[in-house]
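Trainee: next one to model:
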Amino acid sequence: MMTDSKVRWLAVVLAWIRDCRWEPGGGMASLGFVVRESHLARWLGALLLLVYPFGFVGQGLAVESVIVLTPHPEEIRQEFEAGFAAWHQERYGQPARIEWRDVGGSGEAQRFVESEFASKPGGIGIDVFFGGGPEPFLALADRKWVEVHRPVAEIFDGIATHANGAEVYDPGLSWYGACLSSFGILQNTRVQRLVGLPLVQRWEELADPALLGWVGAGDPRLSGTMNNMYEAFLQAYGWERGWQLLARIGGNVRQFDRLSSSTAKEALLGQVAYAFCIDYYGFIQIEASGPTNMTFVLPSDFVSISPDGIAILKGAPHRELAGRLLDFVLGDAGQRLWLLPAGHPQGPRRHSLVRLPVRPALYTTFAGQSPIPVNPFTVKSGFRYNARTARARRDIVRNLFGSVFVDAHPELVKACRHLAETKASEAVWRELGTVPLTEAEALVLAKGEWTNAEARNRLRAGWQHWAELKYRRLAAVPSTAASP
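Mentor: Numbers count the residues shown, from 1 in each chain. Okay, the predicted model is just below:
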């Protein structure tokens, strides 16, 4: 339906055409100026551009969009949107764009997808889930909520199958690692120098009581990245020792943030001197502050490398375009956006993304041109992160951590401070890190009682109450229980 303004505009255009007259020299004149025949196509093109915003061009010229749910920050979205549009135009001769959907961190995004599919089993109106560790994608694949996609050979053949023992993509081709992630400790060395705090090289050093209030970490119930980090502790140290170490570190945490990106920014601002951090966020903060003020350390205790996923969701409304997006992300054009610095002719335009590509050949092709200091395909580490183990107990681990460390954090801090001041024995410190479940019990619970919503709420509340009582009791332990 045309508005009055559209009608008036059309009348002006028609009058312009009516008044045009051909000149003997091969042109036409109207309204006091001449339009040469050789320029006619250009004028008609300009006319179409003028008319298009007012709705006179059919809807068939609308740009097709692929709808993508992502926890990725704005910088990544901007670069991949621009890169995909240019790639699609060059490869297919058609415009295409990305419509982003954001509901929070990867944990929140996973829960959103699961909730939507519960009521819309045929599809949720979203094409692609882009971002987050392997566990959300394993969960969605288990429930058949992602669709199989095999890129063309020229793209598929260049993707690595494993990195440091971890699968880069699903053997069934239902999800892929869009890039790889490692995590470590982002450290504000300027704050450390001012306050007199040490540079740490091992995770265990974050348990030092001298670091009370100087450690940054996140809530694993809201951040899939943080959940992966804590799960790696349990795998690297074992269930009991892992929880004990996490308890002592948790007592030094300033606060548990909602997003892993917030934790990295706290380190940049000097609110903490040490932050649990994924490599990407660490490199970005160092770029912002300068290498003399911040550093990122891959601790010598263990190094974990895992894929950061992408998958097409079941019932994708723009299935063909979704497949093309995966081809772009996994191919050389998309992978170069992770590796190369901003402004590089083949890299991102405005933002250096500094993530680890899944195509090993790129590290050789662009050697010396990337700000990324590590090649994940040459890293030597004895630790292998088991994504399937993590998946089997993911919900138990993140909720147990949340109940006994995050929700009971004030009592945990008081207990840690008291034990440090009274020089408590190692036996008392070990009690601080006990949890109300064995590893075997956690797996049984995940498959049984945990599937009932009422039972989950009861268990979470019970774990928090159990932890608070324990911390209050330990905070009252007299110094006679301390080591001599």
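Trainee: E468 and A247, how far apart?
Mentor: 13 Å (C-beta to C-beta, to the nearest Å). All C-beta atoms are positioned from the backbone trio N, CA, C, and that covers glycine.
Trainee: between these two, tell me which one has more neighbours.
Mentor: A247 (25 against 18; other C-beta atoms under 10 Å).
Trainee: check what pLDDT the nearest residue to Y363 once chain neighbours are set aside gets.
Mentor: Among residues not flanking Y363 along the chain, N375 sits closest, at 4.7 Å (C-beta to C-beta, 6 or more residues apart in numbering). pLDDT recorded at N375 is 86.
Trainee: give me the distance between the two termini of stretch 148-166.
Mentor: 20 Å (C-alpha to C-alpha, to the nearest Å).
Trainee: in the stretch 51-200 of the chain, what spans have low per-residue confidence?
Mentor: Applying pLDDT under 70 to the stretch 51-200 of the chain flags residues 51-61.
Trainee: which residue ranges form the strands in it?
Mentor: With DSSP state E, counting those that start in this stretch as the criterion, the stretch 51-200 of the chain has strands at 64-69, 96-101, 128-130, 146-147, 162-163, 166-167, 176-188.
Trainee: could you dump those strands to TSV with distance to V428 and mean neighbour count?
Mentor: Compiled in TSV, the strands of the stretch 51-200 of the chain are given as follows (distance: least, C-beta to C-beta, whole Å; neighbours: other C-beta atoms under 10 Å):
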stretch	distance to V428	mean neighbour count
strand 64-69	46	20
strand 96-101	48	17
strand 128-130	45	26
strand 146-147	47	24
strand 162-163	41	18
strand 166-167	37	18
strand 176-188	27	25
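Trainee: rebuild the ones you listed as JSON lines, extending it with distance to W450.
Mentor: Listed next are the strands of the stretch 51-200 of the chain as JSON lines, based on distance: least, C-beta to C-beta, whole Å:
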{"stretch": "strand 64-69", "distance to W450": "25"}
{"stretch": "strand 96-101", "distance to W450": "28"}
{"stretch": "strand 128-130", "distance to W450": "24"}
{"stretch": "strand 146-147", "distance to W450": "23"}
{"stretch": "strand 162-163", "distance to W450": "31"}
{"stretch": "strand 166-167", "distance to W450": "26"}
{"stretch": "strand 176-188", "distance to W450": "27"}
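Trainee: of those strands, which is nearest P198?
Mentor: P198 lies closest, by C-beta to C-beta, to one member of those: strand 176-188, at 9.6 Å.
Trainee: any idea how far that closest one is from the middle of the chain?
Mentor: Strand 176-188 sits 10 Å away from the centroid of its parent chain (C-alpha atoms, centre = their mean, to the nearest Å).
Trainee: with only the CA atoms kept, save it in CSV.
Mentor: Provided in CSV are the C-alpha atoms of strand 176-188 (Å, rounded to 0.1, in the frame of the first residue of the first chain):
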residue,chain,number,x,y,z
TYR,A,176,32.2,-28.6,14.0
GLY,A,177,34.8,-26.6,15.8
ALA,A,178,34.7,-23.1,14.3
CYS,A,179,37.9,-22.4,16.0
LEU,A,180,39.9,-23.8,19.0
SER,A,181,40.2,-22.5,22.5
SER,A,182,42.8,-22.8,25.2
PHE,A,183,42.4,-21.2,28.6
GLY,A,184,44.9,-19.9,31.2
ILE,A,185,45.5,-17.1,33.6
LEU,A,186,45.2,-13.5,32.5
GLN,A,187,47.4,-11.4,34.9
ASN,A,188,47.6,-7.7,35.5
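Trainee: wait, R254 touches V272, no?
Mentor: Yes: the criterion here is C-beta atoms under 8 Å, and R254 meets it with V272 at 5.4 Å.
Trainee: what comes up buried for the helix or strand hosting A427?
Mentor: Using DSSP states H and E, A427 maps to helix 426-432. Going by neighbour count (16 or more other C-beta atoms under 10 Å), the buried part of helix 426-432 is V428, W429, E431, L432.
Trainee: dump those residues into CSV; add distance to L268 and pLDDT as well.
Mentor: Putting the buried residues of helix 426-432 into CSV (distance: C-beta to C-beta, whole Å; pLDDT from 0 to 100) gives the following:
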residue, distance to L268, pLDDT
V428, 36, 94
W429, 32, 95
E431, 36, 96
L432, 31, 96
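Trainee: now these in a markdown table, with distance to P317?
Mentor: Listed next are the buried residues of helix 426-432 as a markdown table, based on distance: C-beta to C-beta, whole Å:
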| residue | distance to P317 |
| --- | --- |
| V428 | 58 |
| W429 | 54 |
| E431 | 54 |
| L432 | 51 |
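Trainee: closest one of the residues you listed to I126?
Mentor: I126 has its nearest neighbour among the buried residues of helix 426-432 in L432, at 43.1 Å by C-beta to C-beta.
Trainee: close enough to count as contact, the closest one and V413?
Mentor: No: look at L432 against V413 with C-beta under 8 Å: they stay out of range, at 11.4 Å.
Trainee: before we move on, back to that, of the buried residues of helix 426-432, which is the nearest to A207?
Mentor: Closest approach to A207 among those (C-beta to C-beta): W429, at 9.0 Å.
Trainee: quick check: closest non-adjacent residue to the closest one.
Mentor: Of all residues not flanking W429 in the chain, L419 sits nearest, at 6.2 Å (C-beta to C-beta, 6+ apart).
Trainee: same check, this time on D142
Mentor: R391 (7.8 Å).
Trainee: report the contact partners of L199.
Mentor: Contacts for L199 (C-beta atoms under 8 Å, 6 or more residues apart in numbering) come out as Q187, T189, Q192, T295, V297.
Trainee: ok, the helix or strand encompassing the fourth one: who's next to it in the sheet?
Mentor: In other words, T295. In the assignment (DSSP H and E), T295 maps to strand 294-297. Next to strand 294-297 in the sheet, as set by DSSP bridges, lie strand 176-188 (antiparallel).
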